[in-house]
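Colleague: Quick one: sequence plus predicted model below, questions after.
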Amino acid sequence: MPPKILPVARAKNWNSALAIAGLLALILGLLFARSFNPDQVVFSNDGPVGGLMSDMGRMPGIFTGYWRDLNSVGNNSGAAGINPSSLLLWLAGPVGFSKVYPAVALWILGLGAWSFFRALKLTPLAALLAALAAMLNGTFFGNACWGVAAHEIGIGMGFSPSRWRWPAPQKPPGWSAGRVWP
């Protein structure tokens, strides 16, 4: 029979998750402080704002398909999937998206890493340090700032604890502690 989770314990888990989410957001807010300047888009190398603001990139129209015609006659570019990146672009607009996309992607990565390490029963401090290490890893941080942060969102969601439920080790049939061979 699985152990019962008391409402107080569940509330404590939610409070700690919200505190970690806030702490990770604060750290990213400090690191990405220049993005709050309305005159600047700081991190947007592979996701140029001009391409996002063009007629072909208008949201929500690209959910049904779009024709990329910025540099030539054009080509069919398919349709945008309903994913965190597209939804953020739709909600924040092209300029807002370019300002917050790297930070949001790293935040999702940090939260996913923290929840994974807590699911592995690490202490809260160890899970926080592991989440910070994952979030501020040079590869992930650099890719996000380059403008290709979908990878970081995917890694963060891959850290989801529901994917990492380790089954309890089972003894093989006929096995006992005193016997080496069956």
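Modeller: Right, received. Where do you want to start?
Colleague: So, low pLDDT: which residues of this structure?
Modeller: 1-14, 44-48, 50-51, 53, 55, 57, 70, 161-182 (pLDDT under 70).
Colleague: Does the helix or strand containing residue 93 pack against any helices or strands, and if so which?
Modeller: Using DSSP states H and E, residue 93 falls within helix 84-119. Secondary-structure packing of helix 84-119 (3 or more C-beta pairs under 8 Å, 6 or more residues apart in numbering; DSSP states H and E): helix 7-31, helix 49-53, helix 124-135, helix 138-146, helix 150-158. Any C-beta I mention is one placed from the backbone N, CA and C, and that applies to glycine too.
Colleague: Could you find the closest non-adjacent residue to the spatially most central residue of the chain?
Modeller: Compute the mean C-alpha point of the chain, and by C-alpha atoms, centre = their mean the closest residue is residue 108, 2.7 Å away. Once flanking residues are discounted, residue 108 sits nearest to residue 156: 4.0 Å by C-beta to C-beta, 6 or more residues apart in numbering.
Colleague: Find the nearest non-adjacent residue to residue 113, please.
Modeller: Per C-beta to C-beta, 6+ apart, closest to residue 113 is residue 134, 3.9 Å.
Colleague: Settle this for me: that neighbour is touching residue 107, isn't it.
Modeller: No - with contacts counted by C-beta atoms under 8 Å, residue 134 stays clear of residue 107, the gap being 11.5 Å.
Colleague: burial of the spatially closest residue to residue 88 that is not a sequence neighbour, as a residue count?
Modeller: Computed as C-beta to C-beta, 6+ apart, the closest residue to residue 88 that is not its neighbour in sequence is residue 97, at 5.7 Å. The local packing of residue 97 (other C-beta atoms under 10 Å) involves 22 other residues.
Colleague: sorry, back to before: wait, the residue nearest to residue 108 touches residue 112, no?
Modeller: Yes - between residue 156 and residue 112 there is a contact at 3.5 Å, judged by C-beta under 8 Å.
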